[in-house]
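# show me how the following folds:
(one chain, ligands or ions: 1)
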Amino acid sequence: MNWQTREIAPGLYLVATPLGNARDITLRVLDILASADVLAAEDTRSLRRLMEIHGVALGDRPVVAYHDHNGDKARPKLMAALDAGQSVVYASEAGTPLISDPGFDLMRAALEAGVPCTTAPGPTAAVAALTLSGLPSDRFLFAGFLSNSASKRKSALAELASVPATLILYESPKRLGALLRDAAEILGADRQAVVCRELTKKFEERCAGTLAELAETYDEPPKGEIVVVIDRGGAAMQADQATLDDALRDALGRLSVKDAASEVSKIYGIPRREAYQRAMALGKN
Ligand code: SAM
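I've put the predicted structure just below:
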């Protein structure tokens, strides 16, 4: 056992926990879990289990649940402990707190109250997937979960279409097929992407291909947890009139004429006025 129980300074400690493989915990996170006065967790059972695996005794220290549904109630309790000069450690269920996980409001409240805050970094699925993807890692954009609504998801993809960076998205297995189909349509069927599934777990899988190929591969929902990494867009997609018209019709089904024209002009690099005039003409027909 290389970790130690020791005196730690008062303040808020945000700690990262493993994505699947319990041995991905850091020694510093174990030190903090062993030493903090108050433990707070998105899922208290997962935290207790992790501590058990690593032989970290809880003793009579409180474990407070802090998640999306009780933040407003639980935050004042944690802030009171921090105000009283105690050390509070916060862990989300897996990976890094605040990354598509709770913790943001707690962190803001602590900063605003002048409480010392620190982080014990570690696993996060976004970075694990990026490093495994084999796609350019020098510049990337993490967009988390896109909306469940098809029309909002398509609009978000349109915004991302011309971002000159590798894109990282989280998605549930149930909606993976829909995301890949929409991404193929909006970002381009030939754009390279990688689906990373069950990272650090027994059935870890990395599946690379074009967006169109991946949409076909994952037509049936797979099992487990998923990150989608998408290669950066090159120049705007080239398109003939029929493709532009299809894109405009699709966008007009979701958006106002102005917004549809703006979306399609961004994706295909055509002047907004041209897209607007064509959208008006299609709208009339
Ligand atoms: N805070 C976490 C982090 O730092 O990555 C993310 C929490 S978010 C609620 C859960 C999502 O993260 C999953 O739906 C999936 O997209 C991704 N994820 C978490 N663990 C994963 C794993 N082992 N393999 C692939 N994706 C994972």
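
# burial measure for Gly85, as a count.
Gly85: 11 surrounding residues under other C-beta atoms under 10 Å. Backbone N, C-alpha and C define where each C-beta goes, glycine included.

# let me fix that: Ser265
Ser265 - counted by other C-beta under 10 Å - has 21 other residues nearby.

# same thing with Val264?
For Val264, the neighbour count with other C-beta under 10 Å is 30.

# do the same with Pro10
16.

# just the pLDDT for it.
Looking at Pro10, its pLDDT is 97.

# now it: phi and psi?
The phi/psi pair for Pro10 (degrees, to the nearest 10) reads phi -60, psi 150.

# OK, contacts around the residue of the stretch 51-200 of the chain found nearest the ligand?
Closest approach between the stretch 51-200 of the chain and the ligand, counting by C-beta to the nearest ligand atom: Gly95, at 2.5 Å. Going by C-beta atoms under 8 Å, 6 or more residues apart in numbering, Gly95 touches 16-17, 19, 101, 123-125.

# could you do Leu58 as well?
By C-beta under 8 Å, 6+ apart, the contact list for Leu58 reads 39, 48, 51.

# which residue packs closest to Ala94, ignoring adjacent ones?
The shortest distance from Ala94 to any non-neighbouring residue, by C-beta to C-beta, 6 or more residues apart in numbering, is to Leu19 (5.3 Å).

# and if you look at Asp37?
Sequence neighbours aside, Gln86 is the residue nearest to Asp37 in space, at 4.0 Å (criterion: C-beta to C-beta, 6+ apart).

# pretty sure the one you found contacts Val38?
Yes: at 5.7 Å, Gln86 counts as touching Val38 under the criterion of C-beta atoms under 8 Å.

# of those two, which one has the most company?
Neighbour totals were compared for Gln86 and Val38, and Val38 leads with 20 against 16 (other C-beta under 10 Å).

# the more buried one against Ala81, yeah?
Yes: using C-beta under 8 Å, Val38 is in contact with Ala81, at 4.8 Å.

# common neighbours of these two, please.
The contact sets of Val38 and Ala81 overlap at Val88 (C-beta under 8 Å, 6+ apart).

# can you get me a residue count around Lys77?
15.

# ok, it - contacts?
Val64.
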